[in-house]
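Engineer: My questions concern the predicted model and sequence given below.
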Amino acid sequence: MSTKQCNETRRQLDELTLDELAAKSLDHLATCADCSEFHARQTRLRQLVGSLGMVSAPADFDFKLRARIAQAEVNRGFRWVEFPALRTGLVSVVVLLAVGVMFIGFNTSSRVDIPSVAITDQKPVAAPEVNPAFLTDIHANDSVATLPQSIPVRNPDEKAIKKYGSQQTSKRGLASLDYSSSRAGVLGEGSAKDGEVFPITTNGEPLRISVEDKSGNARVITVPTVSFGSQRVMSNQFISKGSNW
Amino acid sequence: MNTLTTIDELGFAPTIQQEEIEDTTSDHALLEATRTGNEDAFAELVSRYRNQITSYIYRMTNDYDGAVDLAQETFVRVYRAADRYQRSYAFSTYIYRIATNLAISELRKRKRRKLVSITGFFQSNDGGEFQELNPPDERPLQDCELVDAERRNAVQRAISTLPEKYRAPLILRDVDGRSYDEIARILETSEGTVKSRISRARGFLREKMRAYL
C-alpha cells in the first residue's frame, strides 16, 4: 500500500470522524494493517484523554471571587482611562507648561546684557578715591599693570600659619587682591569728552596684568579686549549689573 | 476494530458543558447586565463557566490550587473588562481566550523559575521545550479503580509534558470537545495550524502512553 495514501488516511483520522472519512480512506483503512493499528491506538488514546473529564471548582469559589473582585476594585482606585476628557485636558496642560518653560528658558539663555552707554548731561556721581599709583602704572607701562605695594596682599595660608604655627597647606601660596572696598579704576577717566565714556582711540591692545606670587615668580594675566561696533569696551564679566557708567 | 472516533461517542466526554452552554446569546445578555451593575447576572455567568474554566486551566497547569486561582483571575478580568467587551464572537471563546493566556503565562513563569530540576537531563529536541521523564509505573495493581486512577494520572502527566502550543489545542479538542473553528478563535490562529498542532500533540502522547495503548 502506498505511503501517500497511508499518510492521507491518518491525517483524516486525526481531523475527522469516521463518518466524515473519504470513501477512499475508508477502503484503505479496511485493507491496511498499519493504518488499522494506528486507528485503534488513536481511538484508545482519545478515550484515555477524554476520560480525564471535568474538574469541579471548590465550593467557596464564588465567595472568594466576590472578595477578590471587591479587593481589585479597591486596589484599582482612580483610573484615568475612564475619564478620557480629563486625561486629555491634563495632558494638554502639561504640554503647555512644558512649552512655556522651554520658551522662558530659551529667552533667558539667549539674552545678551548689552551695557548701556550713558550719554547724559548729568554730572557723574563722585567716585571714591582711587589709588593714583595704580592708574599711573597702567599708563606708564603701556597697559601693563603691576600690583602696587600699597594694596594689601592677603596670604591665603595666613590662617593655617596662625593656627598651626607653620605653613602646612600649599607649598606655593598665591597672592590675591581684595577690591571689595575700593572702586575699580576707569581707563581714560577725566580725559573723556562729554557723552563719551570710552574714547574711540582707546588702545586696542589687550590689558595685561602682572602679578607675583609669594616666591617672587611673575605671572602675567592677559585680558582680551571686546569691541562693540566702533567702541572697544571691557568684557561684560568685569561690569557689575546695574552699574552706572 | 474500534470505530469510536468522536468525543461524544467515547462515553468519557464531559457532559456538563453541553448542558451549561445552551445559549450564547444569554451569555451576552448576562454580560450586558453585568455592565450595568447587575451582580446577579455576573454570578450566573460564573456559575456557568467556573467548572469549565477551572478544569481547563487545571489540565493545562496540572496544579489544582493554581488552577482555581487562575480561574478566579479569569473572572475578575471578565468583570473588569465588561465595559470593553464586544459581541463579535461567543462569550465562551472570549473567556477561554483569557484563561488560555493566563495559563500559558503561568507555565512560562514556572519554566523561568525551574532553574534546576532533578529530571532536567531529559529534554526533547522538539521545539526546545522542557520535557520531564514520566516512565509509566508498570507494577500490577489489584483494584480496577486504582488502575483507572493511575491511568488518568499518567495521561495527565503526559499532557503536562507537552509543549504549551500543543497542549492547549489538544485539551480544548479532546478533553473539552470544542470544534476546530472555536479552538482557532480561542487561540487566535488558523484552523489549519490547530489541526496540525493537535495531530502532533497526539503523536507525542502516543509515544509517551505507549504502555497504556
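Structural biologist: Looks like it arrived, so ask away.
Engineer: Show me where chain A dips below the pLDDT cut-off.
Structural biologist: A:1-2, A:76-84, A:110-204, A:226-245 (pLDDT under 70).
Engineer: what do you get for chain B?
Structural biologist: Judged by pLDDT under 70, the stretches of chain B that qualify are B:1-25, B:114-142.
Engineer: Show me the residue sitting in the middle of it in space.
Structural biologist: B:Tyr56 (3.4 Å; CA atoms, centre = their mean).
Engineer: contacting residues around it?
Structural biologist: B:Tyr96, B:Ala99, B:Ala103, B:Ile171, B:Leu172, B:Val175, B:Asp176 (CB atoms under 8 Å, 6 or more residues apart in numbering or on different chains). (Each C-beta comes from the backbone N, C-alpha and C, glycine too.)
Engineer: need the longest helix for chain A.
Structural biologist: helix A:84-110 (DSSP state H).
Engineer: what does chain A put close to chain B?
Structural biologist: A:11, A:13-18, A:36, A:39-58, A:61-62, A:64-65, A:68-69, A:72, A:76 (CB under 8 Å from any CB of the partner chain).
Engineer: picking up where we left off before, roughly how far does the residue nearest to the centre of chain B sit from B:Tyr89?
Structural biologist: 17 Å (CB to CB, to the nearest Å).
Engineer: same check, this time on B:Phe75
Structural biologist: B:Phe75 is 18 Å from B:Tyr89, by CB to CB.
Engineer: next one: B:Val76
Structural biologist: Applying CB to CB to B:Val76 and B:Tyr89 gives a distance of 21 Å.
Engineer: again, but for B:Asn153
Structural biologist: For B:Asn153 relative to B:Tyr89 (CB to CB), the value is 35 Å.
Engineer: ok, now B:Arg110?
Structural biologist: 30 Å.
Engineer: before we move on, back to that, counting by contacts, list what the longest helix of chain A packs against.
Structural biologist: Under the contact criterion of 3 or more CB pairs under 8 Å, 6 or more residues apart in numbering or on different chains; DSSP states H and E, helix A:84-110 touches no helix or strand at all.
Engineer: Please identify the buried residues of it?
Structural biologist: For helix A:84-110, the neighbour count (16 or more other CB atoms under 10 Å in any protein chain shown) marks no residue as buried.
Engineer: Next: stretch A:65-73.
Structural biologist: So, applying 16+ other CB under 10 Å, buried residues of stretch A:65-73: A:Leu65, A:Arg66, A:Arg68, A:Ile69.
Engineer: Nearest to B:Met209 among those?
Structural biologist: A:Leu65 (35.5 Å; CB to CB).
Engineer: Help me confirm that that closest one comes into contact with B:Tyr49.
Structural biologist: No: here A:Leu65 lies out of contact with B:Tyr49, judged by CB atoms under 8 Å, at a distance of 11.4 Å.
Engineer: quick one: which of B:Phe75 and B:Tyr89 has more around it?
Structural biologist: B:Phe75 (24 against 13; other CB atoms under 10 Å in any protein chain shown).
Engineer: Can you list phi and psi of the more buried one for me?
Structural biologist: With angles defined as degrees, to the nearest 10, B:Phe75 sits at phi -70, psi -30.
Engineer: Just confirm it contacts A:Asp62, I think it does.
Structural biologist: No: here B:Phe75 does not reach A:Asp62: they are 9.4 Å apart, not a contact under CB under 8 Å.
Engineer: Mind listing the shared neighbours of the two?
Structural biologist: Common neighbours of B:Phe75 and A:Asp62 (CB under 8 Å, 6+ apart) are B:Val46, B:Arg50.
Engineer: Output the helix or strand B:Arg167 falls within as CSV, restricted to C-alpha atoms.
Structural biologist: Under the criterion of DSSP states H and E, B:Arg167 resides in helix B:164-170. In CSV, the C-alpha atoms belonging to helix B:164-170 read as follows (Å, rounded to 0.1, in the frame of the first residue of the first chain):
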residue,chain,number,x,y,z
GLU,B,164,2.2,24.6,25.6
LYS,B,165,1.4,25.3,22.0
TYR,B,166,0.3,21.7,21.6
ARG,B,167,-1.2,21.3,25.0
ALA,B,168,-3.9,23.9,24.7
PRO,B,169,-5.4,22.8,21.4
LEU,B,170,-5.3,19.1,22.5
